[in-house]
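[1] let me see the structure of the following:
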Amino acid sequence: MTEDSFRRMWSELLPVGRSAASGGYRRFAWNSADAECRAWFEEQARSRGLTYELDRNGNQWAWLGDPQGPGAVVTGSHLDSVPDGGAYDGPLGVVSSFAALDELRSRGAEFDKPLAIVNFGDEEGARFGVACIGSRLTAGVLGREQAYELRDADGVRLPDAMETAGYDPAAIGADDDRLARIGAFVELHVEQGRYLTEEHPVGVASAIWPHGRWRFDFHGEANHAGTTRVEDRRDPMLTYAETVLAARTKAQLAGALATFGKVAVEPNGTNAIASLIRGWLDSRAADEATLEYVVEEIRQAAYERGERDGVRVELTRESYTPVVDFDVPLRDRLAKRLGGVPVLPTGAGHDAGILASVIPTAMLFVRNPSGISHSPAEYAEETDCLTGVTALADVLEDLACE
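    Next comes the predicted model:
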């Protein structure tokens, strides 16, 4: 039954928001694909007789038991994607949550606490540039005023996008009452790396590396590509290129990670020298001191090169998440319940990492044999996914059926 349930749900979600050109997914916050995913989640909840609820920040909840009851055990993840992302990042956690509930019902489990499945909105931050918006708003990490100022690449404000999609943006903000009723949150996620093995296809997270996003603005001077002498140019592309190389070098020397994965060019003409380059840096490290050091080194390299090129460089930190150490008693309880599975850190951010500052949280990882993520090539074996469902069911039974 559980296998059939998992396969059915997976096949239903698989085509939603998938690009025929790339094979990747474009499920961005408040777009049509996101609406399809949300409708799917609501249908899964109602078909199981669960109480469906939409919270003040647009996150979706499916409750077994009293939503107002204390000590709730919550599981789930997200359904949105990065641009041309893979099928597993996020959706595996949501599908596995419903499948785990089906498994527990087949066991005849009797719940002593409310159990909920959640789909957090805009976890990837692909549209508005800030990751984990739904959980950040709920936890009060992202304020309402700051959220109202977020805009997508077309200049559409976050509240306007929500309103167009049929949601009320006036209500967004910290949801302290809801969080006070949650005793534990457990998120299952596909592994984003290649550390788990066939012998141990499921692991428990120990911590999330500190990470953030910084925007570099390189201001040069627009000019004609065919007539402007080299010595007369103020070309921001040169400064940007040098900064990209510096980021790789500085991060590698420090044992950290630094990536420029997004760039915008103005006026973006083939025969024109650019006037402005915007490049977004993603950087992560094992500790906050190292991360701060690496970003400062990259900033200094950019400023020094900018001075030589006649280019003005500005740096803006758009988001930052400090190191997250998951709740140790909860983490150890999960590892013990699952028979001594691997416990490992991750460099990827998650909703569980945001919520860790306000409620006990933990994470399960399911093996990714290729190690590839944020790509159409992202993959997990069905047998490993089903092992993950069983592991999640075991954990939820331990927490909610005491």
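[2] pLDDT weak spots in this protein?
    Low-confidence segments of the chain, defined by pLDDT under 70, span residues 1.
[3] the stretch 201-350 of the chain: strands as residue ranges?
    Using DSSP state E, counting those that start in this stretch, the strands found in the stretch 201-350 of the chain span residues 202-208, 211-219, 223-224, 257-266, 272-273, 276-284, 312-321, 324-325, 343-346.
[4] quick one: which of the ones you listed is nearest residue 101?
    strand 202-208 (17.9 Å; Cβ to Cβ). For glycine as for every other residue, the C-beta is placed from the backbone atoms N, C-alpha and C.
[5] including mean neighbour count and distance to residue 19, could the strands of the stretch 201-350 of the chain go into JSON lines?
    Shown next, in JSON lines, are the strands of the stretch 201-350 of the chain (neighbours: other Cβ atoms under 10 Å; distance: least, Cβ to Cβ, whole Å):
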{"stretch": "strand 202-208", "mean neighbour count": "23", "distance to residue 19": "29"}
{"stretch": "strand 211-219", "mean neighbour count": "21", "distance to residue 19": "24"}
{"stretch": "strand 223-224", "mean neighbour count": "14", "distance to residue 19": "36"}
{"stretch": "strand 257-266", "mean neighbour count": "16", "distance to residue 19": "18"}
{"stretch": "strand 272-273", "mean neighbour count": "18", "distance to residue 19": "30"}
{"stretch": "strand 276-284", "mean neighbour count": "21", "distance to residue 19": "22"}
{"stretch": "strand 312-321", "mean neighbour count": "16", "distance to residue 19": "26"}
{"stretch": "strand 324-325", "mean neighbour count": "19", "distance to residue 19": "32"}
{"stretch": "strand 343-346", "mean neighbour count": "17", "distance to residue 19": "27"}
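[6] mind putting those strands into TSV with distance to residue 175?
    Formatted as TSV, those follow (distance: least, Cβ to Cβ, whole Å):
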stretch	distance to residue 175
strand 202-208	22
strand 211-219	24
strand 223-224	51
strand 257-266	30
strand 272-273	48
strand 276-284	28
strand 312-321	19
strand 324-325	20
strand 343-346	26
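[7] of these, which is nearest residue 147?
    strand 312-321 (12.0 Å).
[8] from residue 355, how far out is the closest residue to residue 175 other than its chain neighbours?
    Nearest residue to residue 175 in three dimensions, chain neighbours excluded: residue 138, at 4.6 Å (Cβ to Cβ, 6 or more residues apart in numbering). Going from residue 138 to residue 355 by Cβ to Cβ, to the nearest Å gives 8 Å.
[9] ok, now which ones touch the residue nearest to residue 175?
    Contact analysis of residue 138 by Cβ atoms under 8 Å, 6 or more residues apart in numbering lists 55, 57, 59, 120, 174, 175, 178, 179, 355.
[10] equivalent analysis for residue 363, please.
    186, 187, 188, 189, 204, 205, 326, 346, 350, 352.
[11] give the contact list for the nearest residue to it once chain neighbours are set aside.
    In space, residue 363 comes closest to residue 205 once its chain neighbours are excluded; the distance is 3.7 Å by Cβ to Cβ, 6+ apart. The contact partners of residue 205, taken as Cβ under 8 Å, 6+ apart, are 326, 331, 343, 344, 345, 346, 352, 362, 363, 364, 365.
[12] with those in mind, which one is nearest to residue 245?
    residue 346 (26.8 Å).
[13] hmm, residue 190 and the closest one touching each other?
    No: with contact defined as Cβ atoms under 8 Å, residue 346 does not count as touching residue 190 (11.1 Å).
[14] now do the shared contacts for these two.
    residue 365.
[15] tell me, how many residues neighbour residue 25?
    Neighbour count of residue 25, defined by other Cβ atoms under 10 Å: 31.
[16] what do you get for the one 5 residues further on?
    Taking other Cβ under 10 Å as the neighbour definition, residue 30 ends up with a count of 24.
[17] so it makes contact with residue 160?
    No: counting by Cβ under 8 Å, residue 30 stays clear of residue 160, with 9.4 Å between them.
[18] please report how far the residue nearest to residue 363 lies from residue 285.
    Taken as Cβ to Cβ, the span from residue 205 to residue 285 is 17 Å.
[19] list the contacts of the closest residue to residue 237 other than its chain neighbours.
    Excluding the flanking residues, the one nearest residue 237 by Cβ to Cβ, 6+ apart is residue 274, at 5.5 Å. Residue 274 sits next to 220, 222, 235, 236, 237, 265, 266, 267, 268 when contact means Cβ under 8 Å, 6+ apart.
[20] which among the residues you listed count as buried?
    Using 16 or more other Cβ atoms under 10 Å as the burial test, these include 220, 222, 235, 236, 237, 265 as buried.
[21] what bridges to the last one?
    In this structure, residue 265 bridges to residue 277 when assessed by DSSP bridges.
[22] am I right that it is in contact with residue 277?
    Yes: using Cβ under 8 Å, residue 265 is in contact with residue 277, at 5.8 Å.
[23] so what sits against both of these two?
    residue 237.
[24] re earlier: redo the contacts of residue 205 as a markdown table? Include distance to residue 377.
    Shown next, in a markdown table, are the contacts of residue 205 (distance: Cβ to Cβ, whole Å):
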| residue | distance to residue 377 |
| --- | --- |
| 326 | 28 |
| 331 | 30 |
| 343 | 27 |
| 344 | 22 |
| 345 | 24 |
| 346 | 19 |
| 352 | 25 |
| 362 | 28 |
| 363 | 23 |
| 364 | 22 |
| 365 | 18 |
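[25] what's the closest of these to residue 242?
    Scanning the contacts of residue 205 for proximity to residue 242, where the rule is Cβ to Cβ, the winner is residue 346, at 30.7 Å.
[26] residues contacting that closest one?
    192, 193, 205, 207, 208, 209, 363, 365.
[27] relative to residue 130, which of the residues you listed is nearest.
    Checking those against residue 130 with Cβ to Cβ, the nearest one is residue 208 at 16.4 Å.
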